[in-house]
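Visitor: one predicted model, sequence on top.
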Amino acid sequence: MITIHLRYVIDPYKLADFEEYGRMWIPLVERFGGTHHGYFLPSEGANNVAYALFSFPSLAEYERYRAESTADDPDCSRAWEHAERTRCIVSYERTFLRPVFS
């Protein structure tokens, strides 16, 4: 299993737009075979940092998702276009994690 951690720098004045973006992606990740653990929005502390976590059974499955979701999927295109149009995301970084179980 591989878990992807996304750290977003967002425009705090466009939090509702970013939340809509997150709500668009959760079912898409799941449709492509992943498990979405949610988007986490600012509450206390920094008002311009948000996170997302989702997992795939393997790095190969994640790479398949990336290829298929960026191809010509209309729902994925709508999500990307929403982020570009609203400019709610300033930047993001992606980290790949592997779980440790007892």
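Guide: Perfect, thanks for sending it.
Visitor: so what's Thr3 bridging to?
Guide: Ser55, Leu97 (DSSP bridges).
Visitor: help me confirm that it comes into contact with Leu53.
Guide: Yes: if you go by Cβ atoms under 8 Å, Thr3 and Leu53 touch, sitting 6.1 Å apart. From N, CA and C alone the C-beta is placed, and that goes for glycine too.
Visitor: please pull out the lowest mean pLDDT helix or strand from the protein.
Guide: Ranked by mean pLDDT, DSSP states H and E, the weakest helix or strand in the chain is helix 59-70, scoring a mean of 91.
Visitor: which helices and strands does it pack with?
Guide: With contacts taken as 3 or more Cβ pairs under 8 Å, 6 or more residues apart in numbering; DSSP states H and E, helix 59-70 sits against strand 2-10.
Visitor: what's in contact with the strand it packs on?
Guide: Identification of contacts with strand 2-10 by Cβ atoms under 8 Å, 6 or more residues apart in numbering yields 18, 37, 42, 48-59, 62, 88-99.
Visitor: buried only: go through these for me.
Guide: 18, 37, 50, 52, 54-56, 62, 88-89 (16 or more other Cβ atoms under 10 Å).
Visitor: which residues touch Phe54?
Guide: Applying Cβ under 8 Å, 6+ apart to Phe54 gives the contacts 3-4, 29, 34-37.
Visitor: what's the helix or strand for the residue nearest the centre of the chain?
Guide: Most central in the chain under Cα atoms, centre = their mean is Ala52, positioned 5.3 Å from the mean C-alpha point. Applying DSSP states H and E as the criterion places Ala52 in strand 49-56.
Visitor: understood, closing this out.
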